[in-house]
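S.K.: Sequence first, then the predicted structure, then my questions.
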Amino acid sequence: MSLQSTSSTSTIYRAPWVVPISSAILRDGAVVVDDKRILAVGLYSDIAGRFQAVPVKPCSGVLLPALVNAHIHLELSVYGIVHPPSKHSTMCDWIKELLKTRETSKASIDEIVDAAQKTAQDQYESGVGLMLDIGNIDLGKFNFCPVEIHSLREMLGPSESATKAAIETIVKIPLEQSVTGHAPYSTSPKLLQYIKNRCRNNDQLFSLHLAENVDEGLLLEKGEGCFAKFLKERGGSDSPFPIPGIDSSAVVGYLQQLDIMDSKTLCVHCVHLNDEEIKILADTNVHVCLCPGSNKFLSVGRVRLQALIDQDILPAIGTDSIASNPELDMWQEMALLRKEHPDVAADRILSMATIAGAISMGRHTTYGSLEEGKTARFIHIEGAEYANAANAEQLLECLTTAGRPDSVSRL
């Protein structure tokens, strides 16, 4: 057996369980790290033979990659939970409540940033290592927050006048700052194309809320539903909706005609999609992010997860904001998906919370799995349920159903 060369900073982390994501779960496994880079992952018996001079740090729990939260709105943290007015409320009613909360709030920018930073810190403490944050304002750099945050400046413009104003704003934003659209019901086709072209020219990610509510399709196809009424109330008399010529490919087909759909597009929620729309997502290599906690809170429906998987789409997972998700916890998102989709295997759900999120953000060479050559961004979790797992199958059930671990630490 050949010995591996290492430096004085190398460490072997040994644990009862190692979950690489990209390969089989290891019982009594180990991860070798040197200068924040993973040198090797394997059974401890093999690692110990290859790295005989490297000190071993024993861990009592489970080693796995940091989680990836692929959709969050940190700027809404200051407002707390925004409840729908009644149990019969539409999503538009909730949006009105959110807008009223924002418009009447006396929160200063410092308070908004402070609340956002606290939420980001809690995400980090729960085991999240990477987040995609969507916001209408620039929060700047946090004073201290070890979680890596990729921020997109979200623009809305459902009417011709609002589109013009949005483009005038975007022109003033530095090119290195990513900009994205909000949703097909709130962003005109002209503005969607303008933003997507900007993203494409700068090799940036484009994220879009899609099919979160059935009324989105009603607006675009017929000019009806709660969004049509909402836009009229907000002065959108010059809106482009309905869109002429939408066929059975529905909203996704419309976005494809706008040349929005490609491998640098991330569609979020995706609750109300037909088979043809899902096939377009697959054929165009679009990434998908699910927010089951938010969907449940707003009663907008359940995603057709198995239909996405059948088209070889492995969605990422996001928490959305505290305004529509009181839990705001990736472990709870996994548990909810397992409850709502019991036929979807636990290892697939865990992959959604790790490598799928990293892939959707173009960060899979760094995040999402424990592999040789990757940056050592992994977590150590502890809890009685993991210690009592008899085999890898039981461990995966615990990881995806038990919720937030008793202890989460970084190594």
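M.R.: Nice, I can see it.
S.K.: going forward, measure contacts between C-alpha atoms and count neighbours the same way
M.R.: Will do.
S.K.: For burial, what's the neighbour tally of the closest residue to residue 275 other than its chain neighbours?
M.R.: The shortest distance from residue 275 to any non-neighbouring residue, by Cα to Cα, 6 or more residues apart in numbering, is to residue 307 (7.6 Å). As a burial measure, the neighbour count of residue 307 was computed by other Cα atoms under 10 Å and equals 15.
S.K.: okay, residue 307: pLDDT?
M.R.: Per-residue confidence for residue 307 comes out at a pLDDT of 98.
S.K.: so where does it fall, helix or strand?
M.R.: Per DSSP states H and E: residue 307 is located in helix 305-310.
S.K.: so what does that helix touch, helix or strand wise?
M.R.: Using 3 or more Cα pairs under 8 Å, 6 or more residues apart in numbering; DSSP states H and E as the contact criterion, the secondary-structure elements in contact with helix 305-310 are helix 275-283.
S.K.: who does the very next helix or strand once past the helix it packs on pair up with?
M.R.: Towards the C-terminus, the helix or strand next in line after helix 275-283, according to DSSP H and E, is strand 287-290. When sheet partners are counted by DSSP bridges, strand 287-290 sits next to strand 265-269 (parallel), strand 316-317 (parallel).
S.K.: Single out the most deeply packed of the ones you listed.
M.R.: A comparison of those by mean neighbour count, using mean count of other Cα atoms under 10 Å, puts strand 316-317 on top with a mean of 30.
S.K.: And it, how far out from the chain middle?
M.R.: 5 Å (Cα atoms, centre = their mean, to the nearest Å).
S.K.: before we move on, what about stretch 77-93?
M.R.: Once both centres are worked out by Cα atoms, centre = their mean, stretch 77-93 turns out to sit 21 Å from its chain's centre.
S.K.: Which positions within that stretch qualify as buried?
M.R.: Across stretch 77-93, burial judged by 16 or more other Cα atoms under 10 Å covers 77-79, 81-84, 90-93.
S.K.: Mind listing residues that contact that stretch?
M.R.: Under the contact criterion Cα atoms under 8 Å, 6 or more residues apart in numbering, stretch 77-93 has outside partners 94, 97-98, 101-102, 105, 107, 111-112, 115-116, 119, 213, 226-227, 230, 298, 300, 321-326.
S.K.: Stretch 286-299 now?
M.R.: Identification of contacts with stretch 286-299 by Cα under 8 Å, 6+ apart yields 70-71, 84, 91, 94, 212, 261-270, 281, 301-303, 313-321, 324-325, 327-328, 332-333, 336-337, 357, 360.
S.K.: go with 6 Å
M.R.: In this structure, residues lying in contact with stretch 286-299 by Cα atoms under 6 Å, 6 or more residues apart in numbering are 262-263, 265-269, 315-319, 324-325, 333, 360.
S.K.: ditto for stretch 318-334
M.R.: Defining contact as Cα under 6 Å, 6+ apart, one finds that stretch 318-334 is touched by 69-73, 77, 80-82, 291, 293-294, 400, 403-404.
S.K.: List the buried residues for it?
M.R.: Burial within stretch 318-334, assessed by neighbour count using 16+ other Cα under 10 Å, is assigned to 318-326, 328-334.
S.K.: picking that back up, among the buried residues of stretch 77-93, which are located in helices?
M.R.: Counting by DSSP state H, the members of the buried residues of stretch 77-93 that fall within helices are 91-93.
S.K.: Tell me the one among those nearest to residue 342.
M.R.: Using Cα to Cα, residue 91 is the member of these that sits closest to residue 342, with 27.0 Å.
S.K.: Can you give me the distance of the closest one to residue 97?
M.R.: With the distance defined as Cα to Cα, to the nearest Å, residue 91 ends up 10 Å from residue 97.
S.K.: Please apply the same query to residue 64.
M.R.: Residue 64 is 39 Å from residue 97, where distance means Cα to Cα.
S.K.: go on, residue 213?
M.R.: With the distance defined as Cα to Cα, residue 213 ends up 17 Å from residue 97.
S.K.: all helices for the stretch 1-150 of the chain, in order.
M.R.: Counting by DSSP state H, counting those that start in this stretch, the stretch 1-150 of the chain has these helices, from start to end: 44-50, 91-104, 109-126.
S.K.: Mind listing what's buried along the last one?
M.R.: Buried residues in helix 109-126, defined by neighbour count with 16+ other Cα under 10 Å: 112-126.
S.K.: Now do the helices in the stretch 201-350 of the chain.
M.R.: 215-222, 226-233, 250-257, 275-283, 292-298, 305-310, 330-340, 346-352.
S.K.: Now do the second one and helix 91-104, the angle between them.
M.R.: To tie it back to what came earlier, the one meant is helix 226-233. 40 degrees (axes from the mean of the first three to the mean of the last three Cα atoms, to 10 degrees).
S.K.: C-alpha coordinates for helix 226-233, CSV please?
M.R.: Output for helix 226-233, consisting of C-alpha atoms alone and laid out as CSV, is shown next (Å, rounded to 0.1, in the frame of the first residue of the first chain):
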residue,chain,number,x,y,z
CYS,A,226,-56.5,37.0,-8.7
PHE,A,227,-53.3,38.4,-10.3
ALA,A,228,-55.2,40.1,-13.0
LYS,A,229,-57.3,41.9,-10.3
PHE,A,230,-54.2,42.6,-8.2
LEU,A,231,-52.4,44.3,-11.1
LYS,A,232,-55.4,46.3,-12.0
GLU,A,233,-55.7,47.5,-8.4
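S.K.: Identify the residues contacting that helix?
M.R.: For helix 226-233, the external contacting residues (Cα under 6 Å, 6+ apart) are residue 219.
S.K.: And the last one, by the same measure?
M.R.: Residues outside helix 346-352 that contact it (Cα under 6 Å, 6+ apart) are 315-316, 396.
S.K.: Okay then, goodbye and thanks.
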